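[1] with the input below, show me the fold.
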Amino acid sequence: MNTHNPNDFRYRVRRSDDASVRFDRVPLAVRTLSSNTLFQGEHEIGIEHHGALYRLKITRQGKLILNK
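    Numbering: from 1, shown residues only. Coordinates of the predicted model:
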């Protein structure tokens, strides 16, 4: 079972000055792109990163897979 929640990655935990007080969640600035914008109707795109080519694919189940 996949328990991944993408919203968990949009926050940085900041410790309060008082150790007995709970942690605060501070929003992070994350640039977000729609997969429709990236793929433009295709099911696979190439991403060049530091001289290596990565392939980002949409699976039949609609999930994303990144391969080197």
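[2] what's around residue 58, how many residues?
    16 (other Cβ atoms under 10 Å). Quick note: C-beta positions are derived from backbone N, CA and C, even for glycine.
[3] where along the protein do the strands fall?
    Ranges of strands in the chain, per DSSP state E, are 11-14, 24-27, 44-49, 52-58, 64-67.
[4] out of the ones you listed, nearest to residue 36?
    strand 52-58 (10.5 Å; Cβ to Cβ).
[5] parallel or antiparallel, which strands does the closest one pair with?
    Within its sheet, and counting by DSSP bridges, strand 52-58 is paired with strand 44-49 (antiparallel), strand 64-67 (antiparallel).
[6] in this structure, where is pLDDT below threshold?
    1-24 (pLDDT under 70).
[7] report the separation between residue 25 and residue 32.
    With distances taken as Cβ to Cβ, to the nearest Å, residue 25 is found 18 Å from residue 32.
[8] for those two, indicate the residue with more neighbours.
    The neighbour comparison of residue 25 against residue 32 (other Cβ under 10 Å) goes to residue 25, with 13 against 7.
[9] still on that earlier bit, make CSV out of the strands paired with strand 52-58 and add distance to residue 36 and mean neighbour count.
    Formatted as CSV, the strands paired with strand 52-58 follow (distance: least, Cβ to Cβ, whole Å; neighbours: other Cβ atoms under 10 Å):
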stretch, distance to residue 36, mean neighbour count
strand 44-49, 12, 10
strand 64-67, 13, 10
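[10] can you redo those as a markdown table with distance to residue 38?
    Formatted as a markdown table, the strands paired with strand 52-58 follow (distance: least, Cβ to Cβ, whole Å):
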| stretch | distance to residue 38 |
| --- | --- |
| strand 44-49 | 6 |
| strand 64-67 | 10 |
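[11] quick one: which of these is nearest residue 55?
    Of all these, strand 64-67 comes closest under Cβ to Cβ, at 4.9 Å.
[12] what residues does that closest one touch?
    With contact meaning Cβ atoms under 8 Å, 6 or more residues apart in numbering, strand 64-67 is reached by 35, 47, 54-59.
[13] just the CA atoms of it, as PDB, please.
    Provided in PDB are the C-alpha atoms of strand 64-67 (Å, rounded to 0.1, in the frame of the first residue of the first chain):
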ATOM      1  CA  LEU A  64       5.500   8.200 -13.200                       C
ATOM      2  CA  ILE A  65       8.700   6.200 -13.500                       C
ATOM      3  CA  LEU A  66      12.200   7.800 -13.900                       C
ATOM      4  CA  ASN A  67      14.900   5.700 -15.400                       C
END
